[in-house]
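Trainee: I'll drop the sequence and a predicted model, then ask my questions.
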Amino acid sequence: MLPYHFHRLTRTGAFAAGPGGMVREAPPATGNALKRALWRHYVKQYHESSCSVAAVVTVINALGEVIRGAADNVTQLELLDRVQAGNWKKRMSPEGDDGKHGMPFGLFGEVVKGSIDAFQIPVLSVETVDLRESPLSEREKRELLRSRLEAFETLGNGVIIIHFDQGAYVPDLNIPHISPVGGYDTATGRVTIMDVDQDQSEPYSISFDCFYRGISKPYLFPFRLGEMSNGGYVYIRLR
């Protein structure tokens, strides 16, 4: 794809310095229980198009541990068997759902909600945030997202799953991708991405500006011809 090759040749974008920094250390044993649970249940996708499944199963198991005191230890295939929303299992199959594969952003919000309902996890709310359609100003959208990252890091009262342009974060193709957020440095503003891609060996950190850009800009034109017009984030609030 042209943006990938342009950035690779000019050493710009994600190629300027590669990932913002690999994050190899898990959170400390004390403090944020939700963050620790996310790291404990973090898994990689089981095939090249199943990032939605790996991201959601990581979050579902973490929420079960934090809210109920014990994780369900759901596998990715068990998740697909339990959740009927969005014809998710069909979309992950080689045949697809009438030939449709992957997980568009709007549909992704539905499968997150469907997963929480299927496992009867009592959360306060599930919000699917399309930054392009939000009535808030650009400043307000950024401030709200930053405040949610800060609350996740300091209070552990909500979790964010992002639908993003992977090539905006790492030296890879500019394709739609899904992963949970695993941390936020309140001093530096860097965001930790628990990338479920098998090719990303560890979670990595990026600047808030890079983070925001990857979830707010439209996807490349070939994706917009299909169902993948843009990304955003799903915010699950516990309390």
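Mentor: Received it, and whenever you're ready, just let me know what you need.
Trainee: Now do the helices in this protein.
Mentor: Applying DSSP state H to the chain gives helices spanning 2-10, 33-40, 51-68, 76-82, 88-91, 105-118, 138-155, 208-216, 221-224.
Trainee: Name all residues that make contact with I236.
Mentor: Neighbouring residues of I236 by CB atoms under 8 Å, 6 or more residues apart in numbering: V59, L63, V112, I116, V123, S125, V126, E127, G158, V159, I160, I161. Where C-beta positions appear, they are placed from N, C-alpha and C, glycine not excepted.
Trainee: Tell me what it is bridged to.
Mentor: For I236, the beta-bridge partners are V126, V159 (DSSP bridges).
Trainee: what pLDDT does it get?
Mentor: The model reports I236 with a pLDDT of 98.
Trainee: And it, how far from E140?
Mentor: Applying CB to CB, to the nearest Å, the value for I236 to E140 is 21 Å.
Trainee: Equivalent analysis for F208, please.
Mentor: Applying CB to CB to F208 and E140 gives a distance of 15 Å.
Trainee: and if you look at G64?
Mentor: Distance, G64 to E140, using CB to CB: 33 Å.
Trainee: Count residues in the vicinity of the residue nearest to W88 when sequence neighbours are not counted, would you?
Mentor: Spatial nearest neighbour of W88, chain neighbours left out: V111 (5.1 Å); criterion: CB to CB, 6 or more residues apart in numbering. Applying other CB atoms under 10 Å, we find 24 other residues in the vicinity of V111.
Trainee: didn't V111 look like it was pressed against V56?
Mentor: Yes - using CB atoms under 8 Å, V111 is in contact with V56, at 6.7 Å.
Trainee: higher neighbour count, G64 and E140?
Mentor: Counting neighbours by other CB under 10 Å for G64 and for E140 shows that G64 has the greater number, 20 against 11.
Trainee: list the contacts for the more buried one?
Mentor: Contacts of G64 by CB under 8 Å, 6+ apart are A70, A71, D72, V74, F119, I121.
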